[in-house]
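# With the input below, show me the fold.
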Amino acid sequence: MSRIGKNPVPIPKGVEVTLHGDAVTVKGPKGLLERRIPPEVTVAVENGQILVRRKDDERRSRSLHGLMRVLLHNMVTGVSQGFTKVLEIQGVGYRCDVANNVLNFTLGHSHPVSFPLPEGVKASVEKQTVIRLEAVDKELLGQTAANIKALRPVEPYKGKGIRYANQWVRRKAGKTGSKKK
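The predicted structure is shown next:
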């Protein structure tokens with residue numbers, strides 16, 4: 001049995017979980033999330049906990065068992081507390097501002113870059129170089145942060161670009177500049 005999948009997901013106060021057919025809906029103070037349940041696993045709500053069980057010992061069922069438990073846990077955490085990702089912009093003249101749910105970047109290109117935020121993701125910009133993204137859906141938040149990072153990936157020589165706040169970048173030495181004689 002999956003060590004992750006067999007753990008129940010506790011339902012905190014203020015969060016409501018409903019099952020209907022092959023879908024589960026989680027509603028809380030921060031919002032509402034819905035997910036389809038694959039036919040290889042079953043989900044039950046008992047004693048203030050969500051229990052995930054698999055129907056058989058097939059390879060796909062075993063792999064979906066732990067996955068569904070983690071996805072349901074992320075849904076419960078998202079609607080009760082929410083998720084946050086912080087991005088940093090490093091580089092001379094690199095900056096960002098937010099207006100009407102659109103991030104406007106100056107990243108050293110010959111043109112400004114506009115990034116419209118998907119529905120459900122909120123952004124705030126501190127000091128023009130720190131972007132704080134907040135969302136209820138962890139998958140959507142992670143994909144949005146990855147898409148923003150892809151606008152200007154961190155380069156290894158000077159470390160310029162967009163990175164996560166806790167990301168460590170391996171730096172390269174570059175050329176020495178000495179001539180052979």
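
# Which residue ranges of the chain form helices?
With helices called from DSSP state H, the chain shows them at 59-80, 138-149.

# nearest residue to Gln81 other than its sequence neighbours?
If the residues on either side of it in the chain are set aside, Gln81 comes closest to Lys30, at 7.3 Å by Cβ to Cβ, 6 or more residues apart in numbering. Heads up, the C-betas are built off the backbone N, CA and C, glycines and all.

# Quick one: residues contacting the residue most central in space within the chain.
For the chain, the residue lying nearest the average C-alpha position, counting by Cα atoms, centre = their mean, turns out to be Gly142 (2.3 Å). Counting by Cβ atoms under 8 Å, 6 or more residues apart in numbering, Gly142 makes contact with Lys85.

# what does Arg53 give?
41-44, 65 are the contacts of Arg53 under Cβ under 8 Å, 6+ apart.

# same deal with Leu151?
Remark: with contacts taken as Cβ under 8 Å, 6+ apart, Leu151 is in contact with 105, 107, 113, 115, 162.

# 10 Å instead, please
89, 96, 103, 105, 107, 109, 113, 115, 161-162 (Cβ atoms under 10 Å, 6 or more residues apart in numbering).

# Buried ones among those residues?
By neighbour count, with 16 or more other Cβ atoms under 10 Å, these hold 89, 96, 103, 105, 107, 115, 161-162 as buried.

# Cross these against strands and list the overlap.
Among the buried ones among the contacts of Leu151, the members found in strands (DSSP state E) are 89, 96, 103, 105, 115, 161-162.

# before we move on, the earlier item: now do the residue nearest to the centre of the chain against Tyr164, distance only.
10 Å (Cβ to Cβ, to the nearest Å).

# quick one: the strands in this structure?
The residue ranges that make up the strands of the chain, judged by DSSP E, are 9-10, 16-20, 23-27, 32-36, 41-46, 49-54, 83-90, 95-99, 102-106, 113-116, 121-126, 130-135, 161-164.

# Now do the buried residues in the third one.
If you call a residue buried by 16+ other Cβ under 10 Å, then strand 23-27 has these buried ones: 24, 26-27.

# Ok, the fifth one next?
Of the residues in strand 41-46, those scored as buried under the neighbour-count criterion (16+ other Cβ under 10 Å) are 41, 43.

# Name the nearest of the buried residues of strand 23-27 relative to Arg69.
Proximity of these to Arg69 (Cβ to Cβ) peaks at Val24, which lies at 11.8 Å.

# Now do the closest one, the pLDDT please.
With respect to pLDDT, Val24 has a value of 90.

# could the strands of the chain go into JSON lines alongside distance to Lys149?
Formatted as JSON lines, the entries for those read as follows, by distance: least, Cβ to Cβ, whole Å:
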{"stretch": "strand 9-10", "distance to Lys149": "30"}
{"stretch": "strand 16-20", "distance to Lys149": "33"}
{"stretch": "strand 23-27", "distance to Lys149": "28"}
{"stretch": "strand 32-36", "distance to Lys149": "24"}
{"stretch": "strand 41-46", "distance to Lys149": "33"}
{"stretch": "strand 49-54", "distance to Lys149": "32"}
{"stretch": "strand 83-90", "distance to Lys149": "7"}
{"stretch": "strand 95-99", "distance to Lys149": "12"}
{"stretch": "strand 102-106", "distance to Lys149": "12"}
{"stretch": "strand 113-116", "distance to Lys149": "11"}
{"stretch": "strand 121-126", "distance to Lys149": "14"}
{"stretch": "strand 130-135", "distance to Lys149": "10"}
{"stretch": "strand 161-164", "distance to Lys149": "5"}
